[in-house]
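K.L.:
please find the sequence and the predicted model below.
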Amino acid sequence: MFSAERRKVVAAEAVGCYVLLRVDRGRLDPGAPGQFFMLEAPGRLLPRPMSLCLAPPGELGFLFEAVGPGTRALAALDRGDELRVLGPLGNGFRLDVARPLLVGGGIGIAPLPYLSATLNDPPAVLGFRSTEHAEAAALLPNAEVVVEPTLVTDVLPDGHDILACGPEPMLEAIAAIAPGAQLAWEAPMACGYGACYGCAVELNGRYARLCVEGPILAA
Amino acid sequence: MLLNASGCLDALTAPEVARSLDAFVTKTVTPLPREGNEPVRIAETDLGLLNSIGLQNPGIDLFVSSILPQLRRLDLPIWVSVGGFSAADYALCVETLDAHDEVVSVELNLSCPNVDEAPESAAEIVSACRSATRLPLYAKLSPALPDVTEVARAVEAAGADGLSLVNTIRGLALDERTLRPLLARGTGGYSGPALRPIALAAVYACRRATDLPIVGMGGVWNGRDALELIAVGASAVALGTVLFADPGAPSRVRAELHAAAASLGLDDPWEAVGIAHQVAVSSQATAKSAAYQPN
């Protein structure tokens, strides 16, 4: 069962082109890697879904790019500001994998640092659209970094259990070459807990709620 | 009585939220299963939310065989929202539900902005359903009707037991960069705080036009909003979009509602039902005897 708490911002830090929002954890459970939280976006009607990026003691860390009114409001938060945090929500990655390889594209690297820490720093392949965006790779140990026009699928080694998050074309390309991969998808969400049916994705020929059945889905 | 607006809560994924209400209203059920509309289905605007879900539901047969038994275990009064594409569709669902004791009321969704409408009038649909069940029938009407009171009187005459006011109103939003509609279907139902004055007007008008009890809804975000719907004539209030933003809204709004009523000298917020229709006579500015105050 999820819970909601008003939490204080510890810091909002720039990481390359992205923002790392660090929030006081309170009694919130960080959940499993790949699960997400709904963060109140001050001044906006609806919260924004964010997977947990880092879970240091006493904190929850969320990585995002300020691209719209909600993420811009979150990026403008200062130390001491309060926001409502709801979670953890959805289903995380399965961790019972023999040879994990983490694959991330752009802001899709968000859930991977926490996943990496949980799996004792397995190898990772990260792709970005510019070297400035690629600065965020510092959040992840043991990562090979590629920058466009090179794609992560150009350099994927064989023989691994892939756990991936990134833009849809990247996830579709991985699904095509690695049928057993675990893929973290995204969709616009109003609620994050199964109420709105807004985050429908096609799954086995029907529309499923990504927040309930995902966001991690088998390729 | 505090309810959820249909389609704004799944009691099976959030039972604790459902238990914080006085009754649970299901997502609209239709005779046949519906996959719903193609994504993108939701878009936030500055003052509201657009949705174009398209009545995604498992169909009445799977609903009564699989969903309803699970809902029954929550031990909450259940209102079932029913939809369709003809009066016969509605009547079929209602007749099926009639045999289920855990269903205390049926809400007829006569106003979904995201699917094609039945060719029959609201009154004809209510009439067909009236013959099919003993259950209380609430007619959920659109705020976009040219004259909501005319339809309210017609459904009352056709045998409706109450009104649910209001559903969402059709709207559209464009992408910041591409200037194309954000929703795959183009338009969607607009909800949230922007709908509140529209809901107040509809409840106010229908309270004067009919004797039917009214479930008021539309943009309620706090206790004061609920109190205003009660004041214009709602004898129950439903929470919709606010549940997406705040699953704790039922308990919060309930506490705020009592506090808002108390601050106006009312012992119980439900004493205020219809109070907005009473002539203000006294010089004392309280809810019971209001006077003009500059603000």
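P.N.:
Received the coordinates, thanks.

K.L.:
please identify the residue of the stretch 101-250 of chain B positioned nearest to chain A.
P.N.:
Taking C-beta to the nearest C-beta, chain A has its nearest neighbour within the stretch 101-250 of chain B at residue B:244, 3.9 Å off. No exception for glycine: its C-beta is placed from N, CA and C like everyone else's.

K.L.:
I'd assumed residue B:24 was in contact with residue B:107.
P.N.:
No - look at residue B:107 against residue B:24 with C-beta atoms under 8 Å: they stay out of range, at 11.6 Å.

K.L.:
so between these two, which is more surrounded?
P.N.:
Here residue B:107 and residue B:24 are compared on neighbour count by other C-beta atoms under 10 Å in any protein chain shown; more neighbours surround residue B:107, at 26 against 23.

K.L.:
the residue of the stretch 101-250 of chain B closest to chain A belongs to a helix?
P.N.:
Yes - the assignment for residue B:244 (DSSP: H, G, I helix; E, B strand; the rest coil) places it in a helix.

K.L.:
what about it, distance to residue A:3?
P.N.:
Using C-beta to C-beta, to the nearest Å, one obtains 17 Å as the distance from residue B:244 to residue A:3.

K.L.:
who has more neighbours, these two?
P.N.:
residue B:244 (29 against 15).

K.L.:
which parts of the longest helix seen in chain A are buried?
P.N.:
Across chain A, the helix with the greatest residue count (assigned by DSSP state H) is helix A:168-177. Residues of helix A:168-177 classed as buried: A:170-171, A:173-175 (neighbour count, 16 or more other C-beta atoms under 10 Å in any protein chain shown).

K.L.:
residues contacting the helix or strand of chain A with the lowest mean pLDDT, please?
P.N.:
None of the helices or strands of chain A scores lower by mean pLDDT, DSSP states H and E than strand A:200-203, at a mean of 92. When contacts are defined by C-beta atoms under 8 Å, 6 or more residues apart in numbering or on different chains, strand A:200-203 is touched by residues A:185, A:187, A:207-210, A:213-214, A:217, B:36, B:39, B:41, B:53, B:56.

K.L.:
would you format those as CSV with neighbour count included?
P.N.:
Listed next are those as CSV, based on neighbours: other C-beta atoms under 10 Å in any protein chain shown:
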residue, neighbour count
A:185, 17
A:187, 18
A:207, 21
A:208, 16
A:209, 25
A:210, 26
A:213, 16
A:214, 21
A:217, 19
B:36, 19
B:39, 20
B:41, 28
B:53, 26
B:56, 20
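
K.L.:
quick check: closest non-adjacent residue to residue 156.
P.N.:
Since no chain was named, I'll use chain A. In space, not counting the residues next to it along the chain, residue A:156 is nearest to residue A:125; the distance is 6.2 Å by C-beta to C-beta, 6 or more residues apart in numbering or on different chains.

K.L.:
wait, I meant chain B there
P.N.:
Once its chain neighbours are removed from consideration, residue B:156 has its nearest residue in residue B:210; the separation is 4.8 Å (C-beta to C-beta, 6+ apart).

K.L.:
distance of the one you found relative to residue B:138?
P.N.:
Taking C-beta to C-beta, one finds residue B:210 at 12 Å from residue B:138.

K.L.:
for the one residue in the stretch 51-200 of chain B that gets nearest to chain A, list the residues it contacts.
P.N.:
Distance from chain A to each residue of the stretch 51-200 of chain B (C-beta to the nearest C-beta) is smallest for residue B:53, at 4.7 Å. Residue B:53 makes contact with A:196-198, A:200, B:7, B:36-37, B:41-42, B:114 under the criterion C-beta under 8 Å, 6+ apart.

K.L.:
pLDDT score for it?
P.N.:
According to the model's per-residue confidence, residue B:53 sits at a pLDDT of 97.

K.L.:
looking at this, it is in a strand?
P.N.:
No - using three-state DSSP, the secondary structure at residue B:53 is coil, not a strand.

K.L.:
and the closest residue to it other than its chain neighbours, how many neighbours?
P.N.:
For residue B:53, ignoring the flanking residues on the chain, the nearest one in space by C-beta to C-beta, 6+ apart is residue A:197 at 4.7 Å. If you count neighbours by other C-beta under 10 Å, residue A:197 ends up with 27.

K.L.:
sec struct for residue A:197, please.
P.N.:
coil.

K.L.:
just checking, it touches residue B:34?
P.N.:
No - Residue A:197 lies out of contact with residue B:34 (C-beta under 8 Å); the separation is 11.1 Å.

K.L.:
other SSEs contacting the longest strand anywhere in chain A?
P.N.:
For chain A, the strand with the greatest residue count under DSSP state E is strand A:3-15. Packing contacts for strand A:3-15, counted by 3 or more C-beta pairs under 8 Å, 6 or more residues apart in numbering or on different chains; DSSP states H and E, involve strand A:18-24, strand A:59-64, strand A:82-89.

K.L.:
that'll do, ta.
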